[in-house]
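Participant: Predicted model and sequence below, questions to follow.
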Amino acid sequence: MTSVKQLSPDEVVQRGWELHDHLIRPRVEPEHDGRFLVIDVESGRHVLADEELAAFDLAREEMAGGVFHLVRVGRRAAHRIRRRTTA
């Protein structure tokens, strides 16, 4: 089995979404909608916080050395990029 530390970034994302979709989402939606979820892709452990940096800080405290995937509960992406137009 490939060590998580040797996974490519794309493989980490794929594993993170698989864990989210199959194991974690049913337990966190809808009551944590909009919160940030950080998943350790090796163990499947996860933490929730209201802010992205707080979620990563908590993950590093609780799962030191983990390989993390960030999700925003109830969203397809953690962030949205908008283009501002001027009138």
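Facilitator: Thanks, I have it.

Participant: Now the most centrally placed residue in the chain: closest residue in space, sequence neighbours ignored.
Facilitator: Most central in the chain under CA atoms, centre = their mean is Leu70, positioned 2.2 Å from the mean C-alpha point. In this structure, Leu70 finds its nearest non-sequential neighbour in Ala78, 5.0 Å apart by CB to CB, 6 or more residues apart in numbering. C-beta: built from backbone N, CA, C; applies to glycine.

Participant: For Ala55, list the residues it contacts.
Facilitator: Contacts for Ala55 were tallied using CB atoms under 8 Å, 6 or more residues apart in numbering; they are 35-38, 47-49, 70.

Participant: switch the cut-off to 6 Å
Facilitator: Ala55 is in contact with 36, 38, 47, 49, counting by CB atoms under 6 Å, 6 or more residues apart in numbering.

Participant: ok, Val12 - contacts?
Facilitator: 41, 67.

Participant: Give me the distance between it and His32.
Facilitator: Look at Val12 and His32: by CB to CB, to the nearest Å, they are 22 Å apart.

Participant: what do you get for Glu18?
Facilitator: Distance from Glu18 to His32, by CB to CB: 19 Å.

Participant: what about the nearest residue to Glu62 once chain neighbours are set aside, neighbour count?
Facilitator: Nearest residue to Glu62 in three dimensions, chain neighbours excluded: Val47, at 6.0 Å (CB to CB, 6+ apart). By other CB atoms under 10 Å, 21 other residues sit near Val47.

Participant: from here on, count from 573
Facilitator: In the new numbering, first residue 573, that becomes Val619.

Participant: And what about Val619, helix, strand or coil?
Facilitator: strand (DSSP: H, G, I helix; E, B strand; the rest coil).

Participant: And Asp622, how far from Gly606?
Facilitator: 8 Å.

Participant: err, Val585, not the other one
Facilitator: 21 Å.

Participant: All good on my end, thank you.
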